[in-house]
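Undergrad: Sharing a model that was predicted from the sequence below.
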Amino acid sequence: MSTTSTKINLESEKNTDALQLAVGKMNRYLDKIMEGGGKKRLEKLHGEGKMSARERIAFLLDEGKPQIEIGAFAGFDMYADYGGCPAGGVVVIIGYIRGRQCIVVANDATVKAGAWFPITGKKNLRAQEIAMENRLPIVYLVDSAGVFLPMQDEIFPDKEHFGRIFRNNAKLSSAGIPQIAAIMGSCVAGGAYLPIMSDEALIVENTGSVFLAGPYLVKAAIGENADKETLGGAATHSEISGVTDYKMPDDKTCLNTIKDLIDKMGRFDNAGFDRAEPRPAAGLPEDIFSIYPEQGAKPYLTLELLRRLVDEGQLTQYKEHYGKTIICAYGRIDGWAVGIVVNNRQVVKNAKGEIQFGGVIYSDSADKATRFILNCNQKKIPLVFLHDVTGFMVGTRSEHGGIIKDGAKMVNAVANSTVPKFSIIIGNSYGAGNYAMCGKAYDPRLIAAWPTAKIAVMGGEQAAKVLTQIQVQSLKDKGHAPDPEGEQELFEKIKSRYDTQTTPYYAAARLWVDAIIDPRDTRRWISMGIEAANNAQVEKFNPGVIQV
């Protein structure tokens with residue numbers, strides 16, 4: 001074996017080991033998150049005759065069918081003063097009920113009795129947004145003590161807080177998107193509106209209850225003594241008030257009834273996205289591990305990575321020899337026709353023989369991507385963005401060449417695109433590059449990150465250098481210039497903080513991405529996302545002013 005072959009094999013093994021370790025770390029975190037509030041609280045729940053949130057969802061969804069979880073890392077490493085909030089205290093999964101794709105939202109009563117933290121509200125709103133954009137039926141499995149009172153000022157009054165959920169209930173209903181709610185535990189105060197503003201409501205005997213004020217508050221407010229069941233139990237609301245539509249003896253009967261209700265629903269006119277017979281991607285899914293470089297710091301064969309994601313590795317490149325730092329290509333993922341925009345991480349040469357750095361967006365690559373996005377909108381082809389971008393090219397030459405104008409064209413095309421967009425952050429996603437590649441602010445239908453993702457205004461080292469220079473200059477102006485050792489200490493401190501904030505876990509905790517995923521699951525995420533998007537008609541594309 002030649003020295004070159006040996007070197008390549010060693011490099012592949014290092015890459016594989018690094019990505020496998022990153023995926024293993026992610027899975028260990030997920031295992032802990034899946035425990036919710038812990039074993040003791042789960043046992044208490046079972047003692048009350050109730051299933052856990054995850055058990056309820058598993059029973060409800062079709063066995064053996066694919067599913068994806070939204071926001072598993074929501075709240076990760078947050079709210080330490082209150083004991084944490086695994087998965088944001090609510091489980092959200094897109095799956096299938098009697099063959100019909102749905103989104104299910106289930107309060108986790110083992111986490112602070114299902115109380116709503118700020119991130120809980122944000123996650124519920126994201127679930128409703130997905131339902132609205134894709135016309136997906138939404139099922140709420142309600143078991144919540146209501147707003148987490150110690151943080152009420154961060155969850156109650158604002159536009160994207162708790163009350164927005166009920167506004168969305170009304171909007172979903174008005175749009176004809178089915179909502180079914182099952183009251184399977186506590187449902188109190190403002191939270192009582194969620195199930196009752198849904199189209200149909202079920203309630204479980206003995207465990208389910210719904211009221212604007214519980215027994216203690218009623219006693220304090222008007223002096224009346226009333227027990228929980230009389231005030232808002234299943235018999236009260238199914239036989240007296242008529243607030244609920246179905247009285248269920250237990251969790252399983254309730255969930256089976258939901259299956260029957262979903263089974264009878266009609267279908268929407270679909271968008272008409274093209275789908276052929278699904279084919280596997282080229283090579284093995286594990287090949288991705290050997291291709292993506294350790295730490296994502298080195299150039300790699302982006303096209304080879306891409307061929308592990310598209311059916312049979314077949315791609316039709318658009319403007320292959322122009323704007324080479326972005327690859328634009330047509331292909332299929334699980335049969336679905338897609339237009340792919342991916343940052344090319346190889347160092348390339350343009351037509352003038354000039355070196356262009358991989359992962360950087362130059363004027364010509366921005367121009368190419370803009371034209372490609374316009375074409376996909378014209379042909380009704382969903383767009384897939386794969387991020388590994390350090391930003392737009394900077395410097396005098398780029399500024400004189402109009403990089404801002406060319407970048408603005410691309411951002412405009414992304415912002416006004418009406419075909420569904422899906423973003424996978426595989427490596428860097430820095431600065432305006434995040435925007436141009438359809439970051440969270442640009443309404444991707446789904447956005448996921450690999451464990452190797454880094455999301456920030458710029459890289460940790462670059463940011464630390466800039467901030468250190470500013471702080472050192474400020475100290476010099478005050479006559480307190482640090483020595484080289486002190487300057488290095490300041491740099492390391494800033495870099496450490498910045499590096500923490502660029503991790504995919506920091507982003508996923510705040511729902512800047514919907515999930516951190518195993519790279520081998522990328523095809524499933526995109527396929528299920530396009531299937532969901534196919535439920536909703538595509539609006540006419542009007543790009544605004546783009547000078548092409």
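TA: Perfect, I can see it now.

Undergrad: Just list the residues touching the closest residue to Lys349 other than its chain neighbours, thanks.
TA: Nearest non-adjacent residue to Lys349, counting by Cβ to Cβ, 6 or more residues apart in numbering: Ile355, 6.1 Å away. Any C-beta I mention is one placed from the backbone N, CA and C, and that applies to glycine too. Taking Cβ atoms under 8 Å, 6 or more residues apart in numbering, we find Ile355 in contact with Val347, Val348, Lys349.

Undergrad: Against Gly223, how distant is the second one?
TA: Distance of Val348 to Gly223, given as Cβ to Cβ, to the nearest Å: 78 Å.

Undergrad: Next: Ala115.
TA: 27 Å.

Undergrad: neighbour-wise, which of those two wins?
TA: Ala115 (23 against 7; other Cβ atoms under 10 Å).

Undergrad: Check the more buried one and give its pLDDT.
TA: pLDDT for Ala115: 89.

Undergrad: Ok, Glu13 next?
TA: pLDDT at Glu13 comes out at 92.

Undergrad: Would you list the phi and psi of it?
TA: When read as degrees, to the nearest 10, the backbone of Glu13 gives phi -60, psi -40.

Undergrad: How many residues are close by the closest residue to it other than its chain neighbours?
TA: Closest residue to Glu13 apart from its sequence neighbours, by Cβ to Cβ, 6+ apart: Ser290 at 7.5 Å. Ser290: 21 surrounding residues under other Cβ under 10 Å.

Undergrad: cool, and Gly95?
TA: Quick note: Gly95 (other Cβ under 10 Å) scores 20 neighbours.

Undergrad: so which strand or helix has the residue nearest to Lys409 when sequence neighbours are not counted?
TA: Spatial nearest neighbour of Lys409, excluding adjacent residues (Cβ to Cβ, 6+ apart): Thr370 at 4.6 Å. Element membership for Thr370, per DSSP states H and E: helix 363-378.

Undergrad: what are the C-alpha coordinates of the next helix or strand after that helix, in PDB please?
TA: With elements assigned by DSSP H and E, the helix or strand that comes after helix 363-378 is strand 383-389. Provided in PDB are the C-alpha atoms of strand 383-389 (Å, rounded to 0.1, in the frame of the first residue of the first chain):
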ATOM      1  CA  LEU A 383     -35.100  23.400  -1.300                       C
ATOM      2  CA  VAL A 384     -32.500  21.800   1.000                       C
ATOM      3  CA  PHE A 385     -29.700  23.900   2.500                       C
ATOM      4  CA  LEU A 386     -26.600  22.200   3.900                       C
ATOM      5  CA  HIS A 387     -24.600  24.700   6.000                       C
ATOM      6  CA  ASP A 388     -20.900  24.700   6.400                       C
ATOM      7  CA  VAL A 389     -20.300  28.300   5.900                       C
END
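
Undergrad: Wait, a helix at Ile424?
TA: No. Ile424: not assigned to a helix; according to DSSP: H, G, I helix; E, B strand; the rest coil it is strand.

Undergrad: Where strands are concerned, which of the contacts of Ile355 count?
TA: Val348, Lys349 (DSSP state E).

Undergrad: Just the buried ones from the contacts of Ile355?
TA: Val348 (16 or more other Cβ atoms under 10 Å).

Undergrad: Is it correct that Gln317 is in contact with Cys328?
TA: Yes. Contact criterion Cβ atoms under 8 Å: Gln317 and Cys328 qualify, at 7.1 Å.

Undergrad: Neighbour count: those two, which is higher?
TA: Cys328 (27 against 14).

Undergrad: ok, that one to Leu386 distance?
TA: Noted for Cys328: a distance of 11 Å to Leu386, by Cβ to Cβ.

Undergrad: Gln317 too?
TA: From Gln317 to Leu386 the distance is 14 Å (Cβ to Cβ).

Undergrad: can you map out the helices along the stretch 251-400 of the chain?
TA: For the stretch 251-400 of the chain, the helices defined by DSSP state H, counting those that start in this stretch cover 251-263, 287-291, 302-307, 363-378, 396-400.

Undergrad: of all those helices, which lies closest to Glu485?
TA: helix 396-400 (34.8 Å; Cβ to Cβ).

Undergrad: residues of that closest one that come out buried?
TA: Quick answer for helix 396-400 (16+ other Cβ under 10 Å): Ser398.

Undergrad: same check, this time on stretch 509-523
TA: Quick answer for stretch 509-523 (16+ other Cβ under 10 Å): 509-523.

Undergrad: what about that stretch, how long is it end to end?
TA: Criterion Cα to Cα, to the nearest Å; first-to-last residue distance in stretch 509-523 is 23 Å.

Undergrad: Distance from the chain centre to it, please.
TA: 6 Å (Cα atoms, centre = their mean, to the nearest Å).

Undergrad: can you check stretch 191-208 too?
TA: 27 Å.

Undergrad: Quick check: Met184 is in a strand.
TA: Yes. The assignment for Met184 (three-state DSSP) places it in a strand.

Undergrad: From Trp525, how far out is it?
TA: 29 Å.

Undergrad: And Glu43, by the same measure?
TA: For Glu43 relative to Trp525 (Cβ to Cβ), the value is 34 Å.

Undergrad: So between the two, which is more surrounded?
TA: Trp525 (22 against 10).

Undergrad: show me the residues around Asp287 that make contact.
TA: Glu304, Arg308.

Undergrad: do the same with Glu133
TA: Counting by Cβ under 8 Å, 6+ apart, Glu133 has contacts Pro420, Asp443, Arg445, Ala533, Ala536.
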